[in-house]
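[1] any chance you could fold what I've pasted below:
(2 chains)
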Amino acid sequence: MAEVVLEKVSHRYPEAMSDTFSNVDLVIEKGEAHALLGGSGAGKTTILNLLSGLARPSSGRIFFDGVDVTDVPPRERNVAQVFQFPVLYTSLSVAENLAFPLKNQGWRGDRLRARVRDIAERLELTDCLNRRPDSLSLFEKQLVAIGRALVRPEIALVLLDEPLTAVEPATKWQLRRVLKLAQEELNATMIYVTHDQTEALTFADRISVLHEGKLLQTGTPADLYQAPAHEHVAYFIGSPGMNLVPGEIIDDAYRLDGCAVAPAMGVPSGPCVVGFRPEWAEVTTKNVEGPMVTVTRTRVLGTRDHQPMGIVSVDLQGQTIHTRQALNVAVGATARLSVREDRVVGFRAGIRLHGGLANA
Amino acid sequence: MRRRNNRAWLGVAPVVLIVAFSAVLPLMTVVNYSIQDIFDINTRIFVGFDWYRETLRDPRFLDALLRQFTFSATVLAIEIPLGILVAKSLPRTGARTGMFLILLAVPLLIPWNVVGTIWQLFARPDIGLFGATLTALGIEFNYTADVIDAWIILVLMDVWHWTSLVALLSFAGLASIQEPYYQAAEIDGASRWQVFRYVELPRLRSVLIIAVLLRLMDSLMIYTEPFVLTGGGPGNSTTFLSQYLTTMAVSQFDLGPAAAFSVLYFLLILLLCWLFYTSVMRSAED
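    Residues are numbered from 1 along each chain as shown, chains lettered A, B, ... in the order given. This next block holds a predicted model:
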């Protein structure tokens, strides 16, 4: 495994008008499970291709363990990749598939067989070793592809390009569990590309959020959740996403509909976006400070202490806001919105101003 | 309970009739001729398997058969690898691809006797580009007199005519391979040979089976081009089965022996294709 460093890396496809992404700086620690999260067109797969060596950056350098690998071809980089659909050598058995990258590095005999058996055991593939890929399920095929990626013991980096896309939902969890276990046991540096925030949040030690060619934020799942650096991160992570309500700062306080909801010490006055997670707010008919809202919808998600719990949607001056709370308000009722003032995050021009746990 | 309904047979009837009149009846007529000695419309004698025995002992038939095998094996051994090579060197996408594909298809669109004429002119030692060039270089080349020269020009012509078919089929097979397969092989440190052997060849398998079958059948039946190009000569050195058969049936009007020959010829092609197909299918199951 290796520490991976991207230094001011930009990439532009030939004949493209603009960069796929520009000036990406990223450090991925040894043995880290790192997720690249973003929608389609965010540049995730291009970053993978740069790391594997299938593409070259138009500027910037890439280092593995301090060694500049920017111009090193894929076969000499010692990386492995798992693709969206299972990519296997169909004319070879499962065992031969697993042995393929090792054989190319000169492994032979008992050492080779022992390593293949070891990987097969970790991935629960021992029963399939002599079978052809054609006879395997999609789940098993992808497992073999993952096995082939993990089989080289001194592998610098394992790249996973949305590896669960083709797998049925029922087996996704199982595959992710096996993958995570193998990652921990083998202590492999892994980069996992996905557009699915749940996959990223459950798999990765740290996540980088990409949007339209920009690296918006890198951090632990908790960082991204509680202290998003960018409006898009706030919206992308969490379900439902963070409430992002147009408001303003006047006299060192965030205001919604004129009501102060949280302190904003030292931030210049002016319009801003006020952000808070659904569980950091409550709609209540009690007499508290806060803007007046109308309840438009409630959804039950479960119960706590025999109380129905769920999502309450309210209307504030034409803006829909969701809160996660006890369902003790009726649709159509007028109520007050109370926000946990220590959790409010403010954004101006998309960038976080202040607030969130990191600053609290 | 399911009600039986035989009306579906009515739907099949036209096809059955067409096949019966175009294939089964003529074939049975040939079988009928092959066991009789026919003098005129009213005079015929049943001879059993005599014509078959005679044909199988005929040295001219056996020579033509040997030449036929040699020719088919030679052109297959050249056209299949060459076709794959051509397909591999074509650009996978882009404007040029379409142009190359059309150029490749051109030989397939030329009538066969025209192909023969083109090569006859091309190979002529006095005015043909190929023949005259060799002559000018001091290499003696005369396909009307020299057996080796005649074979060279015949094989060249067939390769020119039919490699395109293999190339087009292989190109279609290669085009179906998605980029990640190549990327994975690259990352796994596979050599170019391994990429061909383990990524491309397995996916070319089914199109190559079709290509080999088509070329095997067609080359076994070759008639027009050698007829135009060499006329079967010099001597009988490029007389293949179909040409010998035509001579026998049309020129000499030996209907009985020609019919026996035809049945043997038909069975031979059927047997070879069946052998090839079953052996390929059996190897797939292992």
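
[2] what's near enough to touch A:Phe100?
    Shown in contact with A:Phe100 (CB atoms under 8 Å, 6 or more residues apart in numbering or on different chains): A:89, A:92, A:148, B:188, B:190, B:198. Bear in mind the C-beta positions are built from the backbone N, C-alpha and C, glycine included.

[3] that one is in what secondary structure piece?
    Assigned by DSSP states H and E, A:Phe100 belongs to helix A:94-104.

[4] residues of the longest helix along chain A that come out buried?
    For chain A, the longest helix by residue count, based on DSSP state H, is helix A:169-186. Buried residues in helix A:169-186, counted by 16 or more other CB atoms under 10 Å in any protein chain shown: A:171-172, A:175-176, A:178-180, A:182-183, A:186.

[5] for residue 229, what are its contacts?
    Reading this off chain A. Here A:Ala229 is in contact with A:216-217, A:219, A:351-352 (CB under 8 Å, 6+ apart).

[6] try again with chain B
    For B:Leu229, the contact set (CB under 8 Å, 6+ apart) comprises B:116, B:119-120, B:123, B:143, B:153-154, B:157.

[7] need those residues in JSON lines (columns: pLDDT).
    Converted to JSON lines, the contacts of B:Leu229 look like this (pLDDT from 0 to 100):
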{"residue": "B:Gly116", "pLDDT": "88"}
{"residue": "B:Trp119", "pLDDT": "90"}
{"residue": "B:Gln120", "pLDDT": "88"}
{"residue": "B:Ala123", "pLDDT": "87"}
{"residue": "B:Tyr143", "pLDDT": "81"}
{"residue": "B:Ile153", "pLDDT": "89"}
{"residue": "B:Leu154", "pLDDT": "91"}
{"residue": "B:Met157", "pLDDT": "91"}
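
[8] thinking again about what came up before, pLDDT averaged over the helix holding A:Phe100, what's the number?
    Averaging pLDDT along helix A:94-104 yields 90.

[9] now the helix or strand just after it against helix A:169-186, angle please.
    Of the helices and strands lying after helix A:94-104 in sequence (DSSP H and E), the nearest is helix A:109-122. Angle, helix A:109-122 to helix A:169-186, by axes from the mean of the first three to the mean of the last three CA atoms, to 10 degrees: 130 degrees.

[10] pull the CA atoms of helix A:109-122 into PDB?
    This file holds the C-alpha atoms of helix A:109-122, laid out as PDB (Å, rounded to 0.1, in the frame of the first residue of the first chain):
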ATOM      1  CA  GLY A 109       4.200 -22.900  -8.000                       C
ATOM      2  CA  ASP A 110       3.100 -23.300  -4.300                       C
ATOM      3  CA  ARG A 111       3.600 -19.600  -3.400                       C
ATOM      4  CA  LEU A 112       1.100 -18.700  -6.200                       C
ATOM      5  CA  ARG A 113      -1.400 -21.400  -5.300                       C
ATOM      6  CA  ALA A 114      -1.200 -20.500  -1.600                       C
ATOM      7  CA  ARG A 115      -1.800 -16.800  -2.300                       C
ATOM      8  CA  VAL A 116      -4.800 -17.500  -4.600                       C
ATOM      9  CA  ARG A 117      -6.300 -19.800  -2.000                       C
ATOM     10  CA  ASP A 118      -5.800 -17.200   0.700                       C
ATOM     11  CA  ILE A 119      -7.600 -14.500  -1.300                       C
ATOM     12  CA  ALA A 120     -10.400 -16.900  -2.200                       C
ATOM     13  CA  GLU A 121     -11.000 -17.800   1.400                       C
ATOM     14  CA  ARG A 122     -11.100 -14.100   2.500                       C
END
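
[11] B:Trp274 sits in which helix or strand?
    helix B:255-285.

[12] quick one: list the elements packing against that helix.
    Packed against helix B:255-285 by the contact rule (3 or more CB pairs under 8 Å, 6 or more residues apart in numbering or on different chains; DSSP states H and E) you find helix B:25-34, strand B:36-38, helix B:50-57, helix B:201-220, helix B:241-246.

[13] kindly compare burial across these and name the winner.
    Scoring the helices and strands packed on helix B:255-285 by mean neighbour count under mean count of other CB atoms under 10 Å in any protein chain shown gives helix B:241-246 as the most buried, with a mean of 21.

[14] just how off-centre is stretch A:15-28 within its chain?
    18 Å (CA atoms, centre = their mean, to the nearest Å).

[15] so which residue is dead centre in chain A?
    Centroid-nearest residue in chain A, with CA atoms, centre = their mean: A:Ala200, separated by 3.4 Å.

[16] and the residue sitting furthest away from the middle of chain A, what pLDDT?
    The centre of chain A is farthest from one residue, A:Gly109, which by CA atoms, centre = their mean lies 40.4 Å away. On pLDDT, A:Gly109 comes in at 85.

[17] for it, give its distance to B:Phe49.
    According to CB to CB, to the nearest Å, A:Gly109 stands 61 Å off from B:Phe49.

[18] list the buried residues for stretch A:10-18?
    Buried residues in stretch A:10-18 (16+ other CB under 10 Å): A:10-12.

[19] what does it rub up against?
    With contact meaning CB under 8 Å, 6+ apart, stretch A:10-18 is reached by A:19-24, A:43, A:46, A:50, A:55, A:57-60, A:213.

[20] so which of the buried residues of stretch A:10-18 comes closest to chain B?
    Comparing the buried residues of stretch A:10-18 against chain B with CB to the nearest CB picks out A:His11 as the nearest, at 16.5 Å.

[21] could you find the closest non-adjacent residue to A:Arg336?
    With CB to CB, 6 or more residues apart in numbering or on different chains as the criterion, A:Arg336 has its nearest non-adjacent residue at 4.3 Å, and that residue is A:Gly290.

[22] ok so, going back, so which of the helices and strands packed on helix B:255-285 gets nearest chain A?
    The nearest among the helices and strands packed on helix B:255-285, by CB to the nearest CB, is helix B:201-220 at 4.0 Å.

[23] give me the domain ranges for chain A.
    Chain A breaks down by automatic domain parsing into domains covering A:4-219, A:233-355.

[24] which one of the helices and strands packed on helix B:255-285 lies closest to A:Gly346?
    helix B:201-220 (55.7 Å; CB to CB).

[25] using PDB, write down the CA coordinates of that closest one.
    Taking Å, rounded to 0.1, in the frame of the first residue of the first chain, the C-alpha atoms of helix B:201-220 are listed here in PDB:
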ATOM      1  CA  LEU B 201      -9.900 -14.300 -28.800                       C
ATOM      2  CA  PRO B 202     -12.500 -15.600 -26.300                       C
ATOM      3  CA  ARG B 203     -14.900 -12.800 -27.600                       C
ATOM      4  CA  LEU B 204     -14.000 -13.500 -31.200                       C
ATOM      5  CA  ARG B 205     -14.800 -17.200 -30.900                       C
ATOM      6  CA  SER B 206     -18.300 -17.100 -32.100                       C
ATOM      7  CA  VAL B 207     -17.700 -14.900 -35.100                       C
ATOM      8  CA  LEU B 208     -14.600 -16.900 -36.000                       C
ATOM      9  CA  ILE B 209     -16.600 -20.100 -36.000                       C
ATOM     10  CA  ILE B 210     -19.000 -18.500 -38.500                       C
ATOM     11  CA  ALA B 211     -16.000 -17.200 -40.500                       C
ATOM     12  CA  VAL B 212     -14.300 -20.600 -40.700                       C
ATOM     13  CA  LEU B 213     -17.500 -22.400 -41.500                       C
ATOM     14  CA  LEU B 214     -18.400 -19.900 -44.300                       C
ATOM     15  CA  ARG B 215     -14.900 -20.000 -45.800                       C
ATOM     16  CA  LEU B 216     -14.600 -23.800 -45.500                       C
ATOM     17  CA  MET B 217     -17.900 -24.300 -47.300                       C
ATOM     18  CA  ASP B 218     -17.200 -21.700 -49.900                       C
ATOM     19  CA  SER B 219     -13.700 -22.700 -50.600                       C
ATOM     20  CA  LEU B 220     -14.800 -26.300 -51.000                       C
END
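
[26] what about the closest residue in space to A:Ala95 that isn't next to it in sequence, neighbour count?
    Ranked by CB to CB, 6+ apart and with sequence neighbours excluded, the top spatial neighbour of A:Ala95 is A:Leu129, at 4.4 Å. A:Leu129: 16 surrounding residues under other CB atoms under 10 Å in any protein chain shown.
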